[in-house]
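Asker: I would like the atomic coordinates for the input below:
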Amino acid sequence: MHEWYNVVMKKKWFQILLALGISAAGLVLALRQVRFQDLMAALRQARWGWLLVTTGCMLGSLWFRALRWRMLLEDQVSVGESFGLLNIGYLVSDVLPLRLGDPARAVAVGMRSSVTVVAALSSVVIERTLDLLTVVLFLVLTLPFITVGDSVYAGLASGAAALGLLLTLVLMARFPSQVESLTRRMLVRLPLGDPERWLAPLRDTLEGLQVLRSPRRGALLGLLSLAIWAAIAAFQLTLQQAMLYQAPPAHPLLVAVTATWATALGMAAPSQGGIGGYHAAATWALMLFGVSRPYAAAFGIVGHGIGYLLGVILGAAAALNWGISLREITQTT
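Answerer: Below you'll find the predicted structure:
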């Protein structure tokens, strides 16, 4: 047991150091060849009125996320609870290592409702799959109009994998008894002890996939996913008005959509709180359209800062309001 504990702790420290290293590397990529005085000048000229509009767009995307997650949870929580729990997850991801936000909110929803942790995690898997598919759709829409490196096509491969995963989840949702029967036959042949030990979490998982059985609800989930990412594109569009008004890019909508999928893929890197990955991706996306490096870097800093602070503030407010302890959540996770 002692050896197992040491292995686990070493793995956690490795993950923490890896996340910090990726964050540092991303920041170096975003800020290299940027003089401090140029960066500060770009930040100082931001228009605060537009930043308020930008913040409103981010809040809109969070609200659409809350609506979608509530639907995935079969309406077993209110929209307000879904919104608060979602932001508790962002709070955990932002301030604690190991990117525990998604499992943390799955644990938190179990504290506020009858939803099991496994069922909640199933809903999170569906969420992430829908997000990736929508982001890749945005990428595909912009590819004919921009010149990118081969690395972007890794995003297309991820989208194909996400589509395959979604189809698998739909099939599992449509044929739960067959999935359970097949799993039982496999478990009986393996030296894993009582099959019920493993079938119980499988049933919880299948319960979490129930929403995918309805074509109507599936279509609504797709529309909500589009609304989420359209709000984020609006966030990027209004952020240009706040940060780049002195030398606006020629195609602001194309810039906004490109920055949307680029920063989403950047956030997928296992960095701490999205730091570094978001900044490098935003800087790269803006420079594709001729934005100078200091202004592109400032754009990334402000964009990430708004989302980061909203997650921390709203998540902390929800946790305090409901008396939810982050230590209790993370220990359970």
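Asker: where's the most centrally placed residue in the chain relative to W69, distance?
Answerer: The structure's the chain has its C-alpha centroid closest to R128; by Cα atoms, centre = their mean the separation is 6.8 Å. R128 is 11 Å from W69, where distance means Cβ to Cβ, to the nearest Å. From N, CA and C alone the C-beta is placed, and that goes for glycine too.
Asker: and if you look at L169?
Answerer: From L169 to W69 the distance is 16 Å (Cβ to Cβ).
Asker: more neighbours: which of those two?
Answerer: W69 (25 against 18; other Cβ atoms under 10 Å).
Asker: about what we covered before: what pLDDT, on average, does the strand or helix carrying the residue nearest to the centre of the chain get?
Answerer: Under the criterion of DSSP states H and E, R128 resides in helix 117-142. The average of the pLDDT scores along helix 117-142 is 86.
Asker: buried ones in it?
Answerer: Using 16 or more other Cβ atoms under 10 Å as the burial criterion, the residues of helix 117-142 that qualify are 117-127, 129-136, 138-139, 142.
Asker: check stretch 266-274 too.
Answerer: 266-269, 271-274.
Asker: any chance of a markdown table for these, columns secondary structure?
Answerer: What follows is those, written out as a markdown table (DSSP: H, G, I helix; E, B strand; the rest coil):
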| residue | secondary structure |
| --- | --- |
| G266 | helix |
| M267 | helix |
| A268 | coil |
| A269 | coil |
| S271 | coil |
| Q272 | helix |
| G273 | helix |
| G274 | helix |
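Asker: what would the residues you listed look like in JSON lines with pLDDT and distance to A319?
Answerer: Converted to JSON lines, the buried residues of stretch 266-274 look like this (pLDDT from 0 to 100; distance: Cβ to Cβ, whole Å):
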{"residue": "G266", "pLDDT": "89", "distance to A319": "27"}
{"residue": "M267", "pLDDT": "88", "distance to A319": "22"}
{"residue": "A268", "pLDDT": "83", "distance to A319": "25"}
{"residue": "A269", "pLDDT": "80", "distance to A319": "26"}
{"residue": "S271", "pLDDT": "82", "distance to A319": "23"}
{"residue": "Q272", "pLDDT": "83", "distance to A319": "20"}
{"residue": "G273", "pLDDT": "86", "distance to A319": "17"}
{"residue": "G274", "pLDDT": "88", "distance to A319": "20"}
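Asker: and which of those is nearest V34?
Answerer: Within those, proximity to V34 (Cβ to Cβ) peaks at G266, which comes in at 17.4 Å.
Asker: do you know how far the closest one is from R197?
Answerer: Distance from G266 to R197, counting by Cβ to Cβ: 40 Å.
Asker: repeat that for L320.
Answerer: For L320, the distance to R197 - Cβ to Cβ - is 38 Å.
Asker: endpoints of stretch 26-45, how far apart?
Answerer: Using Cα to Cα, to the nearest Å, the end-to-end distance of stretch 26-45 comes to 24 Å.
Asker: list the buried residues in it.
Answerer: 26-27, 29-31, 34, 38-39, 42-43.
Asker: all strands of the protein, in order?
Answerer: Applying DSSP state E to the chain gives no strands.
Asker: and R32, its phi and psi?
Answerer: Note on R32: backbone dihedrals following degrees, to the nearest 10 are phi -60, psi 140.
Asker: could you do L100 as well?
Answerer: phi -90, psi 10.
Asker: isn't it right up against D94?
Answerer: No. Using Cβ atoms under 8 Å as the test, L100 is too far from D94 to be in contact (10.8 Å).
Asker: of the two, who's got more company?
Answerer: Taking other Cβ under 10 Å, L100 and D94 do not tie; D94 has more neighbours (21 against 17).
Asker: quick check: the more buried one vs P103, distance?
Answerer: In terms of Cβ to Cβ, D94 sits 15 Å off from P103.
Asker: same check on M267?
Answerer: Relative to P103, and taking Cβ to Cβ, M267 is found at 17 Å.
Asker: can you check E127 too?
Answerer: Distance from E127 to P103, by Cβ to Cβ: 13 Å.
Asker: what ranges do the helices span in the stretch 101-250 of the chain?
Answerer: Along the stretch 101-250 of the chain, the segments classed as helices by DSSP state H, counting those that start in this stretch run 101-112, 117-142, 153-174, 176-189, 196-208, 215-243.
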